[in-house]
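J.: dropping the sequence and predicted coords here.
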Amino acid sequence: MIPGIPFRVLLFALLAAPLFAEEFGLTPTETYAIKQELGEEVFFLDVRDPVEIQFTGFTDAVDLNIPFLLVDRTGWSEDGKAFPMPRNPRFLAEVEAALLDRGLTREAKIVTLCRSGSARGEPSAAYLRENGFPNAYFVLHGFQGDAVSEGENAGFRRKNGWQNSGLPWGNELNPDKIYRPERR
């Protein structure tokens, strides 16, 4: 908190600043504060593949998990030595349906969260904006944050991000929030 500035004024600045700066990234702490203050008026969306969440952790602060990219476990790229991750063809429809279920419109604040903030968080928020969801943001540095480059934690994601910001998270998944296509 900044002394002398009421929380609501600070919150407005946090929400409005990205629009004026044409930036749409929020820190994990800003995201958590906005979600705590505005509750159901903000749709906090984890856009990671559910299997990734299972191995990296989860925050129950999110409203729902709808992957932006889904791992294609039937394909394998010899060149990239990885499974392909095409865009979830139902992403936009599922986001819109989730908003409607909550009594929200495309104008609602949406904040997306991925592992690092850059591979799916920012692109998913940009994709939402390009497709008629003007108030989409993403969590800077994502869930795990950036890797430390030096010291005993070199190579580990211990710098910034949701996990490293003292915010609530754990390894237990909320089955009501995790993406399962058969439930859609």
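T.: Received the coordinates, thanks.

J.: and the most centrally placed residue in the chain, what is it in contact with?
T.: Closest residue to the average C-alpha location of the chain: Leu113 at 1.2 Å, with Cα atoms, centre = their mean. By Cβ atoms under 8 Å, 6 or more residues apart in numbering, the residues touching Leu113 are 31, 44-48, 59, 62, 121, 138-139, 142-143, 162. For glycine as for every other residue, the C-beta is placed from the backbone atoms N, C-alpha and C.

J.: mind redoing it with 10 Å?
T.: 28, 31, 44-48, 59, 61-62, 65, 120-121, 124-125, 138-139, 142-143, 161-162 (Cβ atoms under 10 Å, 6 or more residues apart in numbering).

J.: which of these are buried? Put it as a ChimeraX command.
T.: Per 16 or more other Cβ atoms under 10 Å, the buried members of those correspond to this ChimeraX selection:
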select :28,31,44,45,46,47,48,59,61,62,65,120,121,124,125,138,139,142,143,161,162
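
J.: looking at the contacts of Leu113, which are in strands?
T.: Phe44, Leu45, Asp46, Asn65, Phe138, Val139 (DSSP state E).

J.: closest one to Leu99 out of these, please.
T.: Leu45 (9.7 Å; Cβ to Cβ).

J.: quick check: that closest one touching Arg102?
T.: No - the pair Leu45 and Arg102 does not pass the contact test of Cβ atoms under 10 Å, sitting 11.2 Å apart.

J.: between those two, which contacts overlap?
T.: What both Leu45 and Arg102 touch, as defined by Cβ under 10 Å, 6+ apart, is the set Asp63, Leu64.

J.: would you state the helices of the protein in chain order?
T.: 7-20, 28-38, 50-56, 91-101, 121-130 (DSSP state H).

J.: deepest of these, which one?
T.: helix 121-130 (a mean of 20; mean count of other Cβ atoms under 10 Å).
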